[in-house]
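# sequence and computational prediction follow.
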Amino acid sequence: MLCKSNSPAVRRYIVRFVVSMVLYAVFLALAVVIFVHFRPTGPVAWLLAVLPALAIIGQIAAFGMYLAEERDEFQRHSGELALLWGIGATLSVTIVWGSLENFVHLRHLDPTWIYPIFCIFFGIAHGLNQARYK
Amino acid sequence: MKNRLRVMRAEREWSQADLAERLEVSRQSVNAIETGKFDPSLPLAFKVARLFETTIEAIFTDEN
């Protein structure tokens, strides 16, 4: 995964991404266990509920740092394109879903699905970019 | 933007990977520039020109 052909910025991004994913898993497990067994309330409950989301925000920040640190302008451009496609497709899907919820009572889409949806579109866009310039 | 990068690289018998290493960019970057799918920034264009010991205009043209 951390192969030598990757730029230093990519290698740092992968490390940060993996750390944030591990933190997400740990925070999520911690929140589930504590909510199930101790039923916290007040500020503790809020903090525990937000912890997994903070790890995801860390992941988003890691990609922002990658874009800031990548010295290969073409790779940076490719990352920016994938990001734009991911954001555009996610906004399109969620606005269509929201309209369907409002008018034809489609099942409610939990907002926590928005990030995974973005990741899918970002991944597809990044894969297509890589294939295009192989 | 058209360019003569592939020809100039071939004259020196460099692979895309060789050129990428000299320019400190990825091989995909060289491929994207050579095929006209990506226009390099001015600093990178100057770097390419310096490497080939010529001018930017001798490598890149603004014809479509």
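Looks like it arrived, so ask away. Residues are numbered from 1 along each chain as shown, chains lettered A, B, ... in the order given.

# is chain B within reach of the helix or strand containing A:A82?
In this assignment (DSSP states H and E), A:A82 forms part of helix A:73-104. Yes - counting by Cβ under 8 Å from any Cβ of the partner chain, chain B has neighbours in helix A:73-104: A:73-75, A:77-78. C-beta here means a position set from N, CA and C on the backbone, and glycine is covered the same way.

# for those residues, which one is nearest B:S41?
The closest of the residues of helix A:73-104 next to chain B to B:S41 turns out to be A:E73 (Cβ to Cβ; 5.6 Å).

# secondary structure class for B:F38?
coil (DSSP: H, G, I helix; E, B strand; the rest coil).

# quick revisit: now do the helix holding A:A82: distance to the chain's middle.
Relative to its chain's centre, helix A:73-104 lies at 13 Å (Cα atoms, centre = their mean, to the nearest Å).

# for stretch A:96-105, same thing?
For stretch A:96-105, the distance to the chain centre is 24 Å (Cα atoms, centre = their mean).

# ditto for stretch B:47-55
Relative to its parent chain, stretch B:47-55 has a centroid offset of 9 Å by Cα atoms, centre = their mean.

# kindly report the same for stretch A:86-106.
19 Å.

# hey, where'd the helices end up in the chain?
With no chain named, the answer covers chain A. A:8-38, A:42-69, A:73-104, A:114-132 (DSSP state H).

# you looked at the wrong chain, it should be chain B
B:5-11, B:16-23, B:27-34, B:42-51, B:56-59.

# ok so, going back, just the buried residues of the helix holding A:A82, please?
By neighbour count on 16 or more other Cβ atoms under 10 Å in any protein chain shown, the buried set for helix A:73-104 is A:74-79, A:82-83, A:85-86, A:89-90, A:93-94, A:97.

# nearest residue to the residue of chain B found nearest chain A other than its sequence neighbours?
The minimum distance from chain B to chain A, using Cβ to the nearest Cβ, falls at B:S29 (3.7 Å). Excluding its sequence neighbours, the residue lying closest to B:S29 (Cβ to Cβ, 6 or more residues apart in numbering or on different chains) is A:F74, at 3.7 Å.

# please identify the deepest-packed of the helices of chain B.
helix B:27-34 (a mean of 22; mean count of other Cβ atoms under 10 Å in any protein chain shown).

# what does that one rub up against?
A:72-75, A:78, A:130, A:133-134, B:3, B:5-6, B:9, B:16-17, B:19-20, B:23, B:38-40, B:48 (Cβ atoms under 8 Å, 6 or more residues apart in numbering or on different chains).

# so the residue nearest to B:S29 touches B:E24, yeah?
No - using Cβ atoms under 8 Å, A:F74 and B:E24 do not qualify as a contacting pair, with a distance of 12.0 Å.

# per-domain residue ranges of chain A.
Listed by automatic domain parsing, the domain ranges of chain A are A:1-71, A:72-134.

# need those domains in CSV with mean pLDDT, can you?
Output for the domains of chain A, formatted as CSV (pLDDT from 0 to 100):
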stretch, mean pLDDT
domain A:1-71, 92
domain A:72-134, 95
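
# OK, contacts around the nearest residue to A:L28 once chain neighbours are set aside?
Nearest residue to A:L28, sequence neighbours excluded (Cβ to Cβ, 6+ apart): A:P52, at 4.4 Å. Applying Cβ under 8 Å, 6+ apart to A:P52 gives the contacts A:24, A:27-28, A:31.
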